[in-house]
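Student: Structure for the following, please:
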Amino acid sequence: MPFPPLAFASLPGGVEWLVIGLVALLLFGKRLPGLARSLGQSLTEFKSGLAGGGGEGKPPEPGPPGDHS
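Tutor: Predicted structure coming up:
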């Protein structure tokens, strides 16, 4: 006997996404500006790293002679 299709296992539609968004806004509303700011800074650093060849800015400074740690 085959299993019946699961109607509740489908992707959410338009109204469901609206409800999910409103719940997320209520739960994380105060943290969203900081999250967006940090995401923007991360994207900016990533793009500058790609444009600059992935460099870290300046090469690491060598330690004192004889220090091989």
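
Student: Next secondary structure element downstream of the helix or strand harbouring residue 22?
Tutor: According to DSSP states H and E, residue 22 maps onto helix 14-28. For helix 14-28, the following helix or strand on the C-terminal side (DSSP H and E) is helix 32-51.

Student: Could I have the CA atoms of that following helix written out in PDB?
Tutor: What follows is helix 32-51, C-alpha atoms only, in PDB (Å, rounded to 0.1, in the frame of the first residue of the first chain):
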ATOM      1  CA  LEU A  32      18.600  43.300  12.900                       C
ATOM      2  CA  PRO A  33      20.400  46.700  12.400                       C
ATOM      3  CA  GLY A  34      23.600  45.400  14.000                       C
ATOM      4  CA  LEU A  35      23.300  42.100  12.000                       C
ATOM      5  CA  ALA A  36      22.800  44.000   8.700                       C
ATOM      6  CA  ARG A  37      25.800  46.300   9.600                       C
ATOM      7  CA  SER A  38      28.100  43.400  10.300                       C
ATOM      8  CA  LEU A  39      27.000  41.600   7.200                       C
ATOM      9  CA  GLY A  40      27.700  44.700   5.100                       C
ATOM     10  CA  GLN A  41      31.200  45.100   6.600                       C
ATOM     11  CA  SER A  42      31.900  41.400   6.000                       C
ATOM     12  CA  LEU A  43      30.900  41.700   2.300                       C
ATOM     13  CA  THR A  44      33.000  44.800   2.000                       C
ATOM     14  CA  GLU A  45      36.100  43.100   3.400                       C
ATOM     15  CA  PHE A  46      35.500  40.000   1.300                       C
ATOM     16  CA  LYS A  47      35.300  42.100  -1.900                       C
ATOM     17  CA  SER A  48      38.400  44.100  -1.000                       C
ATOM     18  CA  GLY A  49      40.200  40.900  -0.300                       C
ATOM     19  CA  LEU A  50      39.200  39.500  -3.700                       C
ATOM     20  CA  ALA A  51      40.300  42.700  -5.500                       C
END
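
Student: Give me the packing partners of that helix, helices and strands only.
Tutor: Applying 3 or more C-beta pairs under 8 Å, 6 or more residues apart in numbering; DSSP states H and E, we find helix 32-51 packed against no helix or strand. Using the backbone N, CA and C atoms, a C-beta is placed for each residue, glycine as well.
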